[in-house]
Each structure stands twice: as structure tokens, then as C-alpha cells.
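Engineer: prediction below, plus the sequence it came from.
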Amino acid sequence: MTWPAKPSYRYVVAMEFTGRVARVAARLSTRVPADVLLAMCFAVAADAEAVVKAGGEPVMLVLAALSGPAVGGPLAIRRARPVLAMTLMTGLAAAASVLQVLIAPGAASQDLVVPILALMVASYSLGAHATAMGLTVGAIEPLLLVVVVDTVPPGSRSVPGALLFFAVFIVAAPVLAGRLVRARHRMIGRLEEQRRQIEAEHAIQTRATLALERLQLAGRLQDTLVAGLNSVIDLVAVARTPGERRQSDAVADIETTSRALLARTREVVVSLTSFHPDDNRMPPDPPAAIGKQPDGQRLADSAALPWLALAAAAVCVGFLIEVTVIRNPQEPLPVAIAGCFVIAVPIAMAWRWPLLMAAAAWAIALLFSSFITPLTVLFTAISLSVLAPFWVAFFKDRVPALTGLAVCCLGELACYGPATALNHAVLLVIAWCGGRVLRARSRLAEELRLNNAWLAEHSESSARQAVLEDRATVARELHDAIGHSLTIIALHAGAARRIWATDREKAGAILATIARIAGEGLGEVRMAVGSRPFVIHHGQAGDGLMARIQSLIADARAAGLSVVGQMDDDGELALGADAELAVFRVVQEALTNVLRHAPASTAQVAVRNAGARIEIIVANSGGERPPPRSGDRTQGLRSMRQRVEACGGRLEAGRRPDGGFQVRAEFPSEVVRA
């Protein structure tokens, strides 16, 4: 086959028209309410079907033009006014039937499919949205319509047969489906409300647990860190007071107290990150999705078995009545009765092997039709066209459900032949779609139920986990902030003690720095046990991040460390609050490690703003002390890495060729403010 080099004019026009229709449909789907769009589709389909079957007769064409609004119009109010929608639809249909008899008495009555489908939608809306009284009134109206349509043209159809068909398949089945969906919808609403209550109670419990934990932690820190820092501040005041004979002793006590306090800080950090085995238990994972559970287990939990047993019993009774009372079976009566029981077995077992039972049901139906009674003469046989596609759609996932739909179509074709199978195809597809809808609602309801049970059962462990995470955060802040402050204080106190006798003025300036750093440390402790988010306390109020980092470098220099700072001159870094704190803590902890492990080395601090990437490097040359053991830096490096990775960045740390150490952190564009 070869394609033409240039498309024809008609092809171009057709493609342009199709594209415009698709664009209009897309706009309508987003701007027009779903019920109005459904009503428009039914109106167009009803008009098209009526025009095709009018046969060119003018009177029938006029009636065809009126059929669209009569069928589609009531569907626009099917949710808000389901009984009124059914009343309008059946009343207009009855009026059209009477009008046809009066205007064209000799015209044959047409079997229209679209109005039947519209009645099924209206019946579903009754079940889903009407009250009990409204449901009773609305369900009777289609049956009255059958009486009017089939008796106005005398002798046109069998009224009892039509009534039975409408009562079961046009009214009862859609109403039942709507009622089931309504029940699932209400169950989902109740479960959602229950989930909100459980989450609210869990939030209250977590807040109360955290508040109690913070109070207990505040008491512990009050006896250790707060009292120790206040003692340092008092000793500074004594050392700076003229005339005090114990000034030199106070300076020496500052160094001793700060080093002892640094050791106690490490003990507090270790105690916060070391828990009882019961405290360290993690809450189990939430329950798996219902769709991933075995089908039989899921449906056994959703109480589907009684409905299957009821459906199997109803089908069996229907076949027995029709085969033994109304029809004459081809085989002996005991064989026919046994066949009626056998044909109901796959329905009762559908929950266990849906696809296999669907194939078995149609195979048994084919044998039943061939040897006992043809299915085409049995009204109950239509139930197989509804139940089999419904259960494969309800019990199985999408792909197996589509396979089951194909099996049902082949079974219809084998049992009824092409003509009847085509007529039943609409019922088959509708039943399959109904099974998918009910499966989705049932699945959601079951997932909500399991999740609510999990939330209620594990709320205590979740609150305990929140406490563990809070303890880890407090421990990290104490380790990084208070550890740095106390290290600087100890080094400053040692320097002040050494020059106290020779340079009292410089020693006094160092004492002032110690008092400032101790005050900032108190602020860090209070922030650690408070409920407000962590902020940078170092430096002057109103300082930007660069200025605070410069203040860190100045404190490290004052403590005796040789530091070279390389800051970009592009102004402040455009970082969020969490990233700013992470950058500050990385520089702070890295400088603290240099002061502890290599105080005689030279450190370099570089903060570069590379547009959408922020890079921080803190490195030092080899010092006089031997390299620390690998575990000495574990807590600090872990803390830095957690902070950087929490902001979406990455951190690298390791030895340099000259024996020094380097920490490099990089933050991506996601943490840069617009």
C-alpha cells in the first residue's frame, strides 16, 4: 500500500474538523458540569438514533427531533432531583408514544436503545441519590411507562415479559448498583471523618508528649548547661571587677569550668542519642494497598460472599421455575434440575477464581442451551450477561478484568449467536463498568478502614518516634552550637590566663568576648528546648549570613587559630532559612573541629556563590597533634551531612595530601530563594 504524496482536500477538511471537535470537547469537559455534558451526549445520540430509524417519514422526523431533549434533558438534574428526572423522562416518553399513535397510527413502534440506556442511568441515580420514599415512587414510573407504551398500540408486545425485563434490568439492577455505590460513598465519608479525628487526636498526643519531653529536657539542661554557662558569665564578671583579689583565680576557673562543661555537654548529647530498646522501636509500616493483597482475602474481608450466595440462589431458582414450570426441557426432569443447580455453581465460587468461573459459567451455559433448554427462550439466562462481567470487573485488576470481558463476549457469541449477542453487548459492558466502579469504591473504603486501624493502633509509637526525632534534633543543635561556644570559651580563657599578668587590657577584651559567647550559648540552649524553629544566634541582631560567618572566623582567630576567609563580594547568599542555618552550622562545626584537633594549623574558609549553586569549603593544613581517630569526628560529620542532605545538598569530608582535613558542602538551586 502506498500513501499519496499530497493529502486530498477532503482529507485535510476532515482532519481539521476532527481537530476542532476534539478541542471543543476538551474545553467542554473542563467548563461544563459532568451531568450537563452527559445530558448533551445522550441528547445527540438519541436524536441520531431516532433520525436513522425514522425512515425519512416527516412525522417520524419531527418526533425524532424532540426525542433528544426528552431523553437528555432530565439527565442534567439526575443528581440534584433524581425523582423529578425520572418523572420527566418517563412522562415525556409516554407522551411521545401516545402522540405517535395519534399522528401516525399505522407507524410501527421502534426499539430504541439510547432511551433505554437513559432510563438505566436515571434508575442508577435513584439508587445513588434519592431518599427511600423517592426511590419507591421513581422505581414505579418506568413500569407504568412500559404499560403505556405496550398497550397504547394494541397487541404490539407481551406486557408481562416487558414488565419483567424492565423491572429486573432497567430498574432493579441499576438501582441496586446505585445503592451500593451510595453505601460505599457514605462509608468513605465516615472513614474520612474518622481519619481526621484520629489524626487530630494523634497531633494533640504528639504535641503533649513533645511538650512534656521538652519540660523534662529543660530541667536536665537547667542543672547542667544553663547553670554552667551562668557560672562562666559570673566568673567573667568577677574577673572584670576591679579590686577583686580573686581575679586571676576567676580567669583560671573560667577555663576549668568551660572544659568541664564541654565534657558534660558531650554526655548530654550521648544520653539524648542513646535510648532504651523499647524507646527505639520504630512504628511498623502502614498496611499494604488493598490492590496488592490476594483477591480472595480482600473480598472475604469486604463481605462479598453473602451477595454472591444470594445471586447464585436467585439464578438457580429462576432457572428452576422457567425450566420446570414454564418450558419443557429436552432432557429428563432430574437432569434439567441438576443442570439448574450446576449453572449456579460458578456464581457462588466467583470470589475464588473469577476468570476461571466466568469461563466455566459460559461453558456450562452452552451445554445447558444445547442439551436441556435453549437460553434464548429463558429470561433468567440474561442474568449471566450481567453477573459474569460484573464479577470479573469487581474481583480482578484492570488487565485480568479486560480479559474476563473478552471471555464473556465470546461466551455470549457461542451461546446466543451474533444477533442476540450484539443486543446483550450493551448490558454486558454496563455491568462490567459497574463492577469497576464498585471495585474502586470498595477498595478505597477498605484502604481507609485499614489505615484508620493502623493509625489508631500505632499512634503511641508514632508519638514516641516524634520524641526520638526531636531528641536527635536537640542533640545535634547542642553538639554543634554549644560545643563550638564552649570550645571557643575554653581557648579564650586559656589565652586570658596566660596574658593576665602581662597584658591586662587585652585579657579584659578576651573576657568580654567570653561573656558574649556564653550569652549566645544560653540563647542556643533556650532555643533547643523551646518550641520555636532554630535560628542563628551568633553575631549582632540584623546581621546577614555572611556577616555572621565573618564573626565566626573572627572568634576563631581570637582563639589563636590562623584563618583565611574567602567570601564572595556579591552580597548575601540567597538561601532559605533552613539552608542558611545549615551553611552556618557547617562552617561552625568545621572550625570547631580544627580548633579541637589541629589548633596550630592554618584554616581556609571559602563561601562561593556560583549562581544557582552555593559552595562552602573549610580546610586546614596538618597540625602539630597526631590525626584523631576515625570515631572522634563521627558525630560532627554525621550532623553536618544530615543538615546538608536535608536541604537537598551533598557533603564531602576527608584527608588532604598534606595531612590536613577538608569539608566541602554544596547546595543546589532548589534551596536558593527566587
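Structural biologist: Sure, I can see it. Residues are numbered from 1 along each chain as shown.

Engineer: average pLDDT for stretch 46-56, rounded please.
Structural biologist: Average pLDDT, stretch 46-56: 74.

Engineer: what mean pLDDT does the longest helix along the chain get?
Structural biologist: In the chain, assigned by DSSP state H, the helix with the most residues is helix 173-221. Averaged over helix 173-221, pLDDT sits at 77.

Engineer: lowest average confidence, helix or strand, in this protein?
Structural biologist: Taking mean pLDDT, DSSP states H and E as the measure, the chain has helix 295-301 as its least confident helix or strand, at a mean of 43.

Engineer: which strands or helices does the longest helix of the chain pack on?
Structural biologist: Contacts defined by 3 or more CB pairs under 8 Å, 6 or more residues apart in numbering; DSSP states H and E place helix 173-221 against helix 113-129, helix 247-272, helix 418-457, helix 459-477, helix 504-529. (Each C-beta comes from the backbone N, C-alpha and C, glycine too.)

Engineer: now the last one: buried residues?
Structural biologist: Taking 16 or more other CB atoms under 10 Å as the basis for neighbour counts, the residues of helix 504-529 that come out buried are 507, 510-511, 513-522, 524-525, 527-529.

Engineer: what's the answer for the first one, then?
Structural biologist: Judged by neighbour count (16+ other CB under 10 Å), helix 113-129 contains these buried residues: 114-129.

Engineer: same deal with the second one?
Structural biologist: Of the residues in helix 247-272, those scored as buried under the neighbour-count criterion (16+ other CB under 10 Å) are 247, 250-255, 257-259, 261-262, 265-266, 268-269, 272.

Engineer: report the angle between that helix and helix 504-529.
Structural biologist: 20 degrees (axes from the mean of the first three to the mean of the last three CA atoms, to 10 degrees).

Engineer: for the stretch 501-650 of the chain, which spans come out with low pLDDT?
Structural biologist: 528-543, 568-574, 610-612, 623-635 (pLDDT under 70).

Engineer: would you map the strands across it?
Structural biologist: 562-567, 602-609, 614-620, 650-655 (DSSP state E, counting those that start in this stretch).

Engineer: partners of the longest one, with directions?
Structural biologist: It refers to strand 602-609. strand 562-567 (parallel), strand 614-620 (antiparallel) (DSSP bridges).

Engineer: on that earlier part again, contacts for the helix or strand just after the longest helix of the chain?
Structural biologist: For helix 173-221, the following helix or strand on the C-terminal side (DSSP states H and E) is helix 227-240. Contact with helix 227-240 is made by 244, 246-248, 250-251, 253-254, 257-258, 260-261, 264, 489, 496, 508, 511-512, 514-515, 518-519, 521-522, 525, as judged by CB atoms under 8 Å, 6 or more residues apart in numbering.

Engineer: show the pLDDT at residue 291.
Structural biologist: 42.

Engineer: again but with residue 144, I slipped
Structural biologist: At residue 144, pLDDT is 85.

Engineer: look at it and say how many residues are nearby.
Structural biologist: Neighbourhood size, residue 144 [other CB atoms under 10 Å]: 13.

Engineer: OK, contacts around it?
Structural biologist: Per CB under 8 Å, 6+ apart, neighbours of residue 144: 90, 94.

Engineer: gap between the helix or strand it falls within and the chain center?
Structural biologist: Taking DSSP H and E as the definition, one finds residue 144 inside helix 132-151. With CA atoms, centre = their mean, to the nearest Å as the basis, helix 132-151 stands 43 Å off its chain's centre.

Engineer: residue 457: neighbouring residues, count only.
Structural biologist: Counted with other CB under 10 Å, residue 457 comes out at 11.

Engineer: now swap in residue 394 and tell me
Structural biologist: For residue 394, using other CB under 10 Å, the count is 28.

Engineer: which residues touch the nearest residue in space to it that is not next to it in sequence?
Structural biologist: Leaving out its chain neighbours, the residue that sits closest to residue 394 by CB to CB, 6 or more residues apart in numbering is residue 435, at 3.9 Å. Counting by CB under 8 Å, 6+ apart, residue 435 touches 389, 390, 391, 392, 393, 394, 401.

Engineer: got the confidence number for residue 77?
Structural biologist: 90.

Engineer: contacts only, for it.
Structural biologist: Contacts of residue 77 (CB under 8 Å, 6+ apart): 35, 84, 85.

Engineer: so where's the stretch 251-400 of the chain uncertain?
Structural biologist: 273-304, 326-331.
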